[in-house]
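Trainee: structure for the following, please:
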Amino acid sequence: MLKVILEQDKCVASGQCVTAAGTVFDQRDEDGIAVLLDETPSPEREAEVRQAAAVCPVLAIQVTTDN
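Mentor: I've put the predicted structure just below:
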């Protein structure tokens, strides 16, 4: 199973995660900080979630798989 961890305290509101995986991440209206919409996205979303983690400028996203 795919598991996503978002460290909001590291987030700098760049929005790259939302661009890469908009069904898994969103941003708060008041400050742009990322919000995790789906902590355990389907396997079909793995590539986009890993891309979101890769493009995060402060590495606030961790992706793990639990087989």
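
Trainee: low-confidence ranges, the chain, go.
Mentor: For the chain, applying pLDDT under 70 flags the ranges 67.

Trainee: which residues in it form helices?
Mentor: Here the chain has its helices, by DSSP state H, at 16-20, 46-55.

Trainee: burial check on the residue lying closest to Val58 once chain neighbours are set aside, number of neighbours?
Mentor: Computed as C-beta to C-beta, 6 or more residues apart in numbering, the closest residue to Val58 that is not its neighbour in sequence is Lys10, at 4.9 Å. For glycine as for every other residue, the C-beta is placed from the backbone atoms N, C-alpha and C. Lys10: 14 surrounding residues under other C-beta atoms under 10 Å.

Trainee: quick check: Lys10 touching Leu59?
Mentor: Yes - Lys10 is in contact with Leu59 according to C-beta atoms under 8 Å; the separation is 7.3 Å.

Trainee: enumerate every residue touching the residue nearest to Ala60 when sequence neighbours are not counted.
Mentor: Ranked by C-beta to C-beta, 6+ apart and with sequence neighbours excluded, the top spatial neighbour of Ala60 is Lys10, at 3.9 Å. Lys10 is in contact with 58-60, counting by C-beta atoms under 8 Å, 6 or more residues apart in numbering.
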